[in-house]
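K.L.:
Pasted the sequence and its predicted model underneath.
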Amino acid sequence: MKLKDKIAIVTGAGSGIGRAISLDFAEEGAKVLVNDVNQTGGEETVKIIKEMGGEASFFLADVSRSEEVQKMIATAMERYGKVDILVNNAAINTMGDSQATTEEDWNRTIAVNLTGPFLCAKYAIAEMKESGGGVIINISSVEGLSGFSNQLAYSSSKGGMINLTKCLAIDHARDNIRVNSICPANVETPMSSNLVDQEGMEPVKKYLLRKHALRRFGKPEEMAKIATFLASEDSSFITGTHIVADGGWLCGTSMDIAEIFGG
């Protein structure tokens with residue numbers, strides 16, 4: 001029970017990585033405020049947690065809207081009395097280079113993926129400071145560490161998230177607030193499936209699989225274990241950094257060279 005009696009807010013927790021983190025937190029003893037814009041998915045996450053004997057509740061909010069974020073934090077305080085852990089996981093993905101990306105796509109992606117984590121952190125930190133500290137975990141991406149073709153808005157937002165992590169960690173270390181990020185590669189989530197499982201995308205999926213040295217996509221549960229580590233006292237001397245969980249994507253694996261050696 002590494003998170004016994006802790007209060008956690010997890011955004012984008014209606015499916016995928018956010019749901020897996022919420023479940024793992026609950027299993028480790030945390031009470032979880034589940035957030036999503038998808039009420040059905042969010043309530044399903046809460047239902048699963050309650051069925052496993054945990055405690056959770058749902059709050060519908062768009063993290064890009066300041067007033068909704070403030071209401072979410074206020075609700076957590078009303079229901080549980082404090083906020084110990086914030087996981088900024090909510091995100092959207094838009095495809096396109098500078099010419100194909102519309103201003104609307106750019107603005108919406110940055111609003112959800114970067115402004116949202118800023119707003120959630122801003123208002124959660126105010127409460128964390130009052131209660132003696134806390135932990136913030138930002139779910140970034142390998143795309144925040146390296147440029148990716150046709151992913152201009154998404155990659156830019158995730159790169160910004162990594163520096164947001166560092167700035168928050170520096171600014172609030174003396175408040176006993178630790179801030180770190182996780183950078184996954186492809187993970188088996190609805191967002192990923194919506195791309196690679198479409199008709200005609202088989203070559204893309206095959207290519208992506210072979211870009212991972214482990215020759216598979218990650219699982220949401222694997223990301224959840226990292227989040228639990230970062231949220232717990234096991235990582236008490238870690239702040240302002242990122243953990244890459246990419247199955248070997250960024251270590252320089254080349255599909256073509258690996259093929260030569262039977263990879």
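P.N.:
Looks like it came in fine. Numbers count the residues shown, from 1 in each chain.
K.L.:
Every contact and neighbour count from this point should use C-alpha atoms.
P.N.:
Fine.
K.L.:
just checking, G42 touches L23?
P.N.:
No: the pair G42 / L23 is not scored as a contact, 11.9 Å apart, by CA atoms under 8 Å.
K.L.:
Could you export the longest helix along the chain as PDB, CA atoms only?
P.N.:
The longest helix of the chain (DSSP state H) is helix 152-172. Below are the C-alpha coordinates for helix 152-172, written out as PDB (Å, rounded to 0.1, in the frame of the first residue of the first chain):
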ATOM      1  CA  LEU A 152       4.000  19.200 -35.400                       C
ATOM      2  CA  ALA A 153       1.400  20.200 -32.800                       C
ATOM      3  CA  TYR A 154       1.500  17.100 -30.700                       C
ATOM      4  CA  SER A 155       5.300  16.900 -30.600                       C
ATOM      5  CA  SER A 156       5.600  20.600 -29.800                       C
ATOM      6  CA  SER A 157       3.100  20.300 -26.900                       C
ATOM      7  CA  LYS A 158       4.900  17.300 -25.400                       C
ATOM      8  CA  GLY A 159       8.300  19.000 -25.700                       C
ATOM      9  CA  GLY A 160       6.800  22.000 -23.800                       C
ATOM     10  CA  MET A 161       5.400  19.600 -21.200                       C
ATOM     11  CA  ILE A 162       8.900  18.400 -20.400                       C
ATOM     12  CA  ASN A 163      10.200  21.900 -19.800                       C
ATOM     13  CA  LEU A 164       7.000  22.700 -17.800                       C
ATOM     14  CA  THR A 165       8.000  19.700 -15.600                       C
ATOM     15  CA  LYS A 166      11.500  21.100 -15.000                       C
ATOM     16  CA  CYS A 167      10.300  24.600 -14.300                       C
ATOM     17  CA  LEU A 168       7.600  23.500 -11.800                       C
ATOM     18  CA  ALA A 169      10.100  21.200 -10.100                       C
ATOM     19  CA  ILE A 170      12.600  24.100  -9.600                       C
ATOM     20  CA  ASP A 171      10.000  26.600  -8.500                       C
ATOM     21  CA  HIS A 172       8.300  24.400  -5.900                       C
END
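K.L.:
Can you spell out which helices and strands pack onto it?
P.N.:
Other elements packing on helix 152-172 under the criterion 3 or more CA pairs under 8 Å, 6 or more residues apart in numbering; DSSP states H and E are helix 103-110, strand 134-139, strand 177-184.
K.L.:
T75: which of the ones you listed is closest?
P.N.:
When those are compared by CA to CA, strand 134-139 sits nearest T75, at 17.4 Å.
K.L.:
Can you give the strand pairings for the closest one, parallel or anti for each?
P.N.:
Applying DSSP bridges, strand 134-139 is found paired with strand 85-88 (parallel), strand 177-184 (parallel).
K.L.:
What angle do helix 152-172 and the last one make with each other?
P.N.:
The reference is to strand 177-184. 160 degrees (axes from the mean of the first three to the mean of the last three CA atoms, to 10 degrees).
K.L.:
V34 is nearest to which of the strands paired with strand 134-139?
P.N.:
Of all the strands paired with strand 134-139, strand 85-88 comes closest under CA to CA, at 10.2 Å.
K.L.:
any idea of the mean pLDDT in stretch 85-93?
P.N.:
In this model, stretch 85-93 has a mean pLDDT of 97.
K.L.:
Flag every buried residue along it.
P.N.:
When burial is assessed from 16 or more other CA atoms under 10 Å, stretch 85-93 yields the following buried residues: I85, L86, V87, N88, N89, A90, A91, N93.
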